[in-house]
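**Student:** mind looking at a prediction? Sequence and model below.
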Amino acid sequence: MKHLVLILSFVFCIRAFTQDQTAYIKDQILVQINPKSDIDQVIKSFQDYPVYLQKTVSKSMGIYLLEFRQPQRSMALADHDILNKMRSFDQIKVAQFNHIVENRAIPNDTLYSQQWSLNNTGQDGGTPDIDMYAEMAWEITTGGLTLEGDSIVVAVVDNGFHLNHPDINFWKNIYEIPNDTIDNDSNGYVDDIYGWNALNDDADINTPGDNHGTHVAGIMGAKGNNEIGISGISWNQKVMVVSREESTSEDVIITAYAYVLKQRQIYNETLGDSGTFVVSLNSSFGVNNAKPEDLPLWCAMYDSMGNAGILNVAATVNSNTNVDDAGDIPTTCPSPFLIAVTRSNQLGEKTARAGWGPQSIDLAAPGSKILSTTGSAGYNNMSGTSMSCPQVTGAIGLMYANIPEEKLALKYSQPDSLAKLVKHALLVSVDTNSTLEAKTVTGGILNLYRALVYVETDTLVDISINDVLATDFVVYPNPSSDYIVIANQSNFNSIEIYDLLGHCHFHKVYTGYENKDLIHINHFPIGLYFIRLEDQFGKVNLQRIQKY
């Protein structure tokens, strides 16, 4: 079960049912007694109503949970009668029912039940629970702000935007004054209130076109729990829009990227007093069969943005093509700040019409029959890797809402390291899948809940701050189904293997000593693992392996 109902300090793994605001647990009353009173004496004073101490909630605060039983009575009237009697007792400071707390992780958006990628109940012949575990993730955070209270922004370069759609949290440049033809925030762009038009080099980005950009923006940042339409990955994060209109030229893409980069650079330079905290950028477009060596300026932009703290997410081709061999831009660009995405369906499988590449394509995300925003107030289903890509872009924004403050401080001093940390958490937390083995780097599908957990854990931070560290040893074969051999490890005196298959923290599955160079892993479940070697001087080396 994915939903949690919280009743005082008890957590039950059951599905949440909508409850009236005043709903309470029958036969139970919470009381807070006066400082000099004794709970046993209080209970003895209610001999006409058999009362029992069910739980000491807080002894220091004098709060107790009482339970009473009385046969052959009208329960509703008796409950209120006893409550009123307790409230009139001079030793009781406060008396109230033990109310049922409603689970607020399930959004009330009217079309939410059709969003299988967030909660798969078997819609359209799908496999129940094959989704991104969004509701479990929303139990942790629904996004929008960092733990320091800073607004989180995700960006999208696309065409076909309807800025008047009521269900999207479009970003607004609060440092710019509208229509005064002055660059008020000195970012090099005049009147850029809602973003920038990279084709026309002006601030007019309300370019409806074919709705593609509106649909992508809704997947990332549709307003959640607002009683209309759909829910985005993050209920409250802002979406920065950069329009390329119908342009097919590379210079327009670089112009668009430069705008987003400038906004984040200003934020870093002013320590958040100006600019925008852009954490991810979505590119649901590309050049088929193109090679990085032929488009070096385009690929270099990902390193520039990554150094400023922006992770870039790109959609691969919509054909069953090995892009490692055939080429594709941007998904084969060799930047550590780029995340390449392919498409999965409601059965949890890579779709036939989706690119792949064990070296270039990092993971899959839902991209079939995805319901999102269109037009000025509409909604529609679209399919393609273009829909998979913003699932990941939005997920990055949601992850930033759960990064501990001490790690979040890196956003100014080491924004590139923080970006790598988030990317690593995203990739190691996937749900592994047989249709993606040897097809993607991770062999898995985006899991929002696990991504939030991993990005929060200290263990993860310790090993991912510089991504996968350079190693002094070699592991082969990798991937492997039976055993691994560790070479060049004579200086290490301990070997540990950690399971990354769904635990809230890394789980040690193997410990060895004395330079053992062959380890059988045939009994390990399929998935991703880390080998950790430590030498006599305390130096640690790490390497990721995949079991298939």
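**Tutor:** Great, that's in hand.
**Student:** what average pLDDT does stretch 213-222 get?
**Tutor:** Mean pLDDT, stretch 213-222: 97.
**Student:** let me redo that: stretch 366-378
**Tutor:** pLDDT averaged over stretch 366-378 gives 96.
**Student:** just stretch 52-72 next, same as before
**Tutor:** Stretch 52-72 comes out at a mean pLDDT of 82.
**Student:** for the remainder of this discussion, apply numbering that starts at 723.
**Tutor:** Yes, from this point I'll number from 723; that puts the last item at stretch 774-794.
**Student:** would you mind listing the buried residues in that stretch?
**Tutor:** For stretch 774-794, a neighbour-count test (16 or more other Cβ atoms under 10 Å) marks 776, 779, 784, 785, 786, 787, 788, 789, 790 as buried. Every residue, glycine included, has its C-beta placed from N, CA and C.
**Student:** of all those residues, which two lie farthest apart?
**Tutor:** Farthest apart among the buried residues of stretch 774-794 by Cβ to Cβ are 784 and 790. That separation is 19.0 Å.
**Student:** and residue 1045, its phi and psi?
**Tutor:** Note on residue 1045: backbone dihedrals following degrees, to the nearest 10 are phi -70, psi -20.
**Student:** do you know the pLDDT at the spatially closest residue to residue 1132 that is not a sequence neighbour?
**Tutor:** Once flanking residues are discounted, residue 1132 sits nearest to residue 1140: 4.1 Å by Cβ to Cβ, 6 or more residues apart in numbering. At residue 1140, the model reports a pLDDT of 92.
**Student:** where does residue 1140 sit: helix, strand or coil?
**Tutor:** What DSSP: H, G, I helix; E, B strand; the rest coil gives for residue 1140 is helix.
**Student:** just residue 820 next, same as before
**Tutor:** strand.
**Student:** quick one on the thing from earlier: as CSV, the buried residues of stretch 774-794 with distance to residue 1175 would be great.
**Tutor:** Shown next, in CSV, are these (distance: Cβ to Cβ, whole Å):
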residue, distance to residue 1175
776, 32
779, 28
784, 36
785, 31
786, 34
787, 31
788, 37
789, 35
790, 40
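**Student:** closest to residue 1146 out of the residues you listed?
**Tutor:** Distance to residue 1146, by Cβ to Cβ, is smallest for residue 779 among those, at 40.5 Å.
**Student:** what ranges does the stretch 923-1072 of the chain have for its helices?
**Tutor:** 934-943, 972-991, 1018-1030, 1045-1048 (DSSP state H, counting those that start in this stretch).
**Student:** can you list the neighbours in contact with the third one?
**Tutor:** Residues lying outside helix 1018-1030 but in contact with it, judged by Cβ atoms under 8 Å, 6 or more residues apart in numbering, are 972, 975-976, 979-980, 982-983, 986-987, 990, 1003, 1014, 1034, 1051-1052, 1055-1060, 1137-1138, 1141-1142.
**Student:** list buried residues within the residues you listed.
**Tutor:** Buried subset of those (neighbour count, 16+ other Cβ under 10 Å): 975, 979-980, 982-983, 986-987, 990, 1003, 1014, 1034, 1051-1052, 1055, 1057-1060, 1137-1138, 1141-1142.
**Student:** as a markdown table, the helices of the stretch 923-1072 of the chain with distance to residue 1099 would be great.
**Tutor:** As requested, the helices of the stretch 923-1072 of the chain are exported to a markdown table (distance: least, Cβ to Cβ, whole Å):
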| stretch | distance to residue 1099 |
| --- | --- |
| helix 934-943 | 10 |
| helix 972-991 | 26 |
| helix 1018-1030 | 33 |
| helix 1045-1048 | 37 |
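**Student:** winner for burial among these?
**Tutor:** helix 934-943 (a mean of 30; mean count of other Cβ atoms under 10 Å).
**Student:** got a list of what the closest residue to residue 1062 other than its chain neighbours touches?
**Tutor:** Among residues not flanking residue 1062 along the chain, residue 1053 sits closest, at 3.7 Å (Cβ to Cβ, 6+ apart). Neighbouring residues of residue 1053 by Cβ under 8 Å, 6+ apart: 1008, 1036-1039, 1045, 1060, 1062-1063, 1077, 1079, 1082-1083.
**Student:** what about those, which are in strands?
**Tutor:** In this view, those that belong to strands under DSSP state E are 1036, 1037, 1060, 1062, 1063.
**Student:** where's the fourth one relative to residue 876, distance?
**Tutor:** Read that as residue 1062. 17 Å (Cβ to Cβ, to the nearest Å).
**Student:** same question for the last one.
**Tutor:** Residue 1063 is 14 Å from residue 876, where distance means Cβ to Cβ.
**Student:** same check on the third one?
**Tutor:** Distance check for residue 1060 against residue 876: by Cβ to Cβ, it reads 15 Å.
**Student:** which secondary structure state does residue 871 sit in?
**Tutor:** Residue 871, by the three-state scheme (three-state DSSP), is coil.
**Student:** kind regards, and thank you for your time.
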